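**Student:** kindly generate the corresponding structure for this input.
(2 chains)
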2 protein chains.
Amino acid sequence: MPPSRVTLVEVGPRDGLQNEAAPVSTADKIELIRRLAATGLTLIEAGSFVSPRWVPQMADTAEVLAALDFDGPVRYPVLTPNLHGFDAARAAGVRDIAVFAAASEAFSRRNINCSIAESLERFQPVVEAARTAGIRVRGYVSCVLGCPYQGEVAPEAVADVAARLSDMGCEQISLGDTIGRGTPEATRRLIGTVAARVPMERLAGHFHDTWGMAAANVYAAWREGVATFDASVGGLGGCPYARGASGNVATEDLVHLFAGLGVDTGVDLVSLVETAVFICERLGRSPVSKVAKAVLASQAYDVRE
Amino acid sequence: MPPSRVTLVEVGPRDGLQNEAAPVSTADKIELIRRLAATGLTLIEAGSFVSPRWVPQMADTAEVLAALDFDGPVRYPVLTPNLHGFDAARAAGVRDIAVFAAASEAFSRRNINCSIAESLERFQPVVEAARTAGIRVRGYVSCVLGCPYQGEVAPEAVADVAARLSDMGCEQISLGDTIGRGTPEATRRLIGTVAARVPMERLAGHFHDTWGMAAANVYAAWREGVATFDASVGGLGGCPYARGASGNVATEDLVHLFAGLGVDTGVDLVSLVETAVFICERLGRSPVSKVAKAVLASQAYDVRE
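**Tutor:** Next up is the predicted model:
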């Protein structure tokens, strides 16, 4: 049976803004997160402790986190690739961190400059330190349905990395279709292969809409039993591997999809679209998602009638 | 078992261009159809014999048809709402016609100015004349997953209209999600309900991407057994019920989807995207579909590398 409740993990303030060219002020980031929390989202990725030389967009993460309430009902995971980042996150009071691995050797080497095995070795002390401190860890696995450098990625390779992250102590494993080349039957096969190694309830789906297949893939994964999906308000982030193309599926697309499937996400669609408009205005453009456009067009239509 | 072969019905030159504000010359329409046929598409809706006062974009249908080969491998259905239109189509040599009904009373009255029952009575002599002449008939049913005027539409109401069109002699019934409000489980229920009354092999799915769900809905319908889908190159047409929003799913989206599902459509994706660029340039814009953008971006990316 497909899950009757689904949790959406909002990744716009980190994964999204990190891949936007236009700078966003610290105050606007805080306001974005505040508005996202007000829509009903309960998991909002809030920042990243990585070198500002690599990711200048996240240089103000500590300031953003200082404005958040880590003792409330909303959880704010923060990306921490190493112990240095973990210490900074812990000092900021975070209760959830994330580490980022790849299922593709070529991608791992080009993106984080080490092999998959080396990356997992690096994460080990971070995950251990987090568990000791009672901090939950998400493990991202990228390139689960294809790699921009090596092309095909075997589901078994994804399952290997996912199982190692799970064994290490990651409470959730987010499977990322980084280049959006996945289609629904490939998604089904992937979930089946990974769920044979990692309990289904630990899996999250992270789909990119670069080829317009994200909603179909989320639907296929949900039917297999996945109950957690990452998404980015307004489709923030774009695709770093195909200039001008879409990246993260828009959160509003998934709220609409699950509403239609009779599944509760707890998120208010109209507030979410208004939040997409807010942040996209700061970026100097309109929301790209079809659901945002349709909601805005039908509001205009309602007014016209 | 989902079908291992799928037929795409290209509706861009009629359903698409009919809903575009910018005029397209007769020569460009003919060139568009020629290019579409060259991509491997075998069913291309070529025009409409309706009053040019209602649909000025289709006033040159006879001239467009004069340039087509009705004895070749490609079929060119033409919309003929009445005997007057049918006679014109027959004089032009067409081998396939289509009639257009609605599953929503409110839509029928506002769109074609009569009740559903009256519209079916009007089509009866058209379908009879076509069958006598050995001409195949497609029946469109609009608003199968929601109506812009009455909201909800019951699957049973859709099945009623579909069964009447089938009984009348329509060889194919195209089920249209006119406002794109369908989601995959609603699509599954709809197909199940209609297929209990009309043989599955007579059904086609016609999904709009206004809410970004078309690929997911096509996937759900295909899994139920539907093997024919309508689509519009470049997403031509937009949505007349939500200004600025998308309408027909782009043909390239479905070619990509089915390629990923391991299903042969016989259509060349790159030629199709080039055709989308050709017609969209004539309309003064870029193709809106994510697959078109992704193909174009990855070609640019390949060149850059």
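**Student:** my guess is A:A92 contacts A:D60. True?
**Tutor:** No: the pair A:A92 and A:D60 fails to qualify as a contact (CB atoms under 8 Å) at a distance of 11.8 Å. In this view, the C-beta of every residue, glycine as well, is placed from N, C-alpha and C.
**Student:** show me the shaky parts of the stretch 151-300 of chain A.
**Tutor:** A:242-244, A:300 (pLDDT under 70).
**Student:** hmm, try it at 90
**Tutor:** A:238-246, A:285-288, A:297-300 (pLDDT under 90).
**Student:** now do the helices in it.
**Tutor:** A:155-168, A:184-195, A:214-224, A:251-260, A:269-282, A:290-304 (DSSP state H, counting those that start in this stretch).
**Student:** got the angle for the shortest one vs helix A:269-282?
**Tutor:** Computed by axes from the mean of the first three to the mean of the last three CA atoms, to 10 degrees, the angle separating helix A:251-260 from helix A:269-282 equals 170 degrees.
**Student:** now the angle from helix A:251-260 to helix A:214-224?
**Tutor:** Inter-element angle recorded for helix A:251-260 and helix A:214-224: 50 degrees (by the same axes, to 10 degrees).
**Student:** what separates helix A:251-260 from the chain centre, distance-wise?
**Tutor:** 16 Å (CA atoms, centre = their mean, to the nearest Å).
**Student:** right, is that helix up against chain B?
**Tutor:** Yes: judged by CB under 8 Å from any CB of the partner chain, helix A:251-260 comes into contact with chain B at A:253, A:256-257, A:259-260.
**Student:** check the third one too.
**Tutor:** Yes: for helix A:214-224, a contact with chain B is found by CB under 8 Å from any CB, at A:215-216, A:218-220.
**Student:** for those, which two are the farthest from each other?
**Tutor:** Based on CB to CB, the longest span within the residues of helix A:214-224 next to chain B runs between A:A215 and A:A220 and measures 9.8 Å.
**Student:** the two: which has the busier surroundings?
**Tutor:** Each of A:A215 and A:A220 has its neighbours counted (other CB atoms under 10 Å in any protein chain shown); A:A215 has more, 31 against 28.
**Student:** surely that one meets A:L254?
**Tutor:** Yes: A:A215 is within contact range of A:L254, at 7.4 Å (criterion: CB under 8 Å).
**Student:** which helix runs longest in chain A?
**Tutor:** Longest helix of chain A, by residue count under DSSP state H: helix A:116-132.
**Student:** name the helices or strands packed onto the following helix or strand past it?
**Tutor:** Later in the chain than helix A:116-132, the nearest helix or strand by DSSP states H and E is strand A:136-142. Here strand A:136-142 touches strand A:96-102, helix A:116-132, helix A:155-168, strand A:172-177, going by 3 or more CB pairs under 8 Å, 6 or more residues apart in numbering or on different chains; DSSP states H and E.
**Student:** and strand A:136-142, average pLDDT?
**Tutor:** For strand A:136-142, the mean per-residue pLDDT is 98.
**Student:** check what contacts it and list those residues.
**Tutor:** For strand A:136-142, the surrounding residues in contact (CB atoms under 8 Å, 6 or more residues apart in numbering or on different chains) are A:75, A:77, A:95-104, A:107, A:111, A:123, A:126-127, A:130-131, A:158, A:161-162, A:165-166, A:168-176, A:178, A:204, A:206.
**Student:** now that we have these, which of them are buried?
**Tutor:** Buried members of those, scored by 16 or more other CB atoms under 10 Å in any protein chain shown, are A:75, A:77, A:95-104, A:107, A:111, A:123, A:126-127, A:130, A:158, A:161-162, A:165-166, A:168-176, A:178, A:204, A:206.
**Student:** near chain B too, which of these?
**Tutor:** The subset of the buried ones among the contacts of strand A:136-142 within reach of chain B, by CB under 8 Å from any CB, is empty.
**Student:** leaving out the residues flanking it, which one is nearest to the residue in the stretch 51-200 of chain A that chain B sits nearest to?
**Tutor:** As assessed by CB to the nearest CB, chain B sits closest to A:T183 within the stretch 51-200 of chain A, at 2.6 Å. What sits nearest to A:T183 in space, not counting adjacent residues and going by CB to CB, 6 or more residues apart in numbering or on different chains, is B:G260, at 2.6 Å.
**Student:** just give me the neighbour total for that neighbour.
**Tutor:** B:G260 - counted by other CB under 10 Å - has 22 other residues nearby.
**Student:** how far away is it from A:L68?
**Tutor:** 39 Å (CB to CB, to the nearest Å).
**Student:** and A:T42, by the same measure?
**Tutor:** Look at A:T42 and A:L68: by CB to CB, they are 13 Å apart.
**Student:** who's more crowded, the two?
**Tutor:** Taking neighbours as other CB under 10 Å, A:T42 and A:L68 compare with A:L68 leading, 21 against 16.
**Student:** what sits against that one?
**Tutor:** Going by CB under 8 Å, 6+ apart, the list of residues near A:L68 reads A:30, A:33, A:46, A:76.
**Student:** repeat that for A:V267.
**Tutor:** Neighbouring residues of A:V267 by CB under 8 Å, 6+ apart: A:8, A:39-41, A:251, A:255.
**Student:** make CSV out of these and add neighbour count.
**Tutor:** Shown next, in CSV, are the contacts of A:V267 (neighbours: other CB atoms under 10 Å in any protein chain shown):
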residue, neighbour count
A:L8, 24
A:T39, 24
A:G40, 17
A:L41, 28
A:T251, 35
A:V255, 26
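**Student:** quick one: which of those is nearest chain B?
**Tutor:** Among the contacts of A:V267, A:V255 lies closest to chain B (CB to the nearest CB), at 11.0 Å.
**Student:** mind listing what that closest one touches?
**Tutor:** By CB under 8 Å, 6+ apart, the contact set of A:V255 is A:8, A:265, A:267, A:269, A:272, A:291.
**Student:** still on that earlier bit, which of the helices of the stretch 151-300 of chain A sits closest to A:G238?
**Tutor:** For A:G238, the closest of the helices of the stretch 151-300 of chain A is helix A:269-282, at 11.8 Å, according to CB to CB.
**Student:** anything in that closest one near chain B?
**Tutor:** No: for a cut-off given as CB under 8 Å from any CB, helix A:269-282 has no contacts with chain B; the smallest distance is 10.7 Å.
**Student:** can you point out the buried residues in that helix?
**Tutor:** In helix A:269-282, counting by 16+ other CB under 10 Å, buried: A:269, A:272-280, A:282.
**Student:** most widely separated two among the residues you listed?
**Tutor:** Top of the distance list for the buried residues of helix A:269-282 (CB to CB): A:L269 and A:R282, 20.8 Å.
**Student:** how close does A:D87 sit to A:F49?
**Tutor:** 9 Å.
**Student:** same check, this time on A:D177
**Tutor:** As judged by CB to CB, A:D177 and A:F49 stand 25 Å apart.
**Student:** what about those two, which has more around it?
**Tutor:** A:D177 (29 against 26).
**Student:** which residue packs closest to that one, ignoring adjacent ones?
**Tutor:** Leaving aside its chain neighbours, A:D177 sits nearest to A:L145 (4.3 Å; criterion: CB to CB, 6+ apart).
**Student:** tally of neighbours for the one you found?
**Tutor:** A:L145 has 27 neighbours, counted by other CB under 10 Å.
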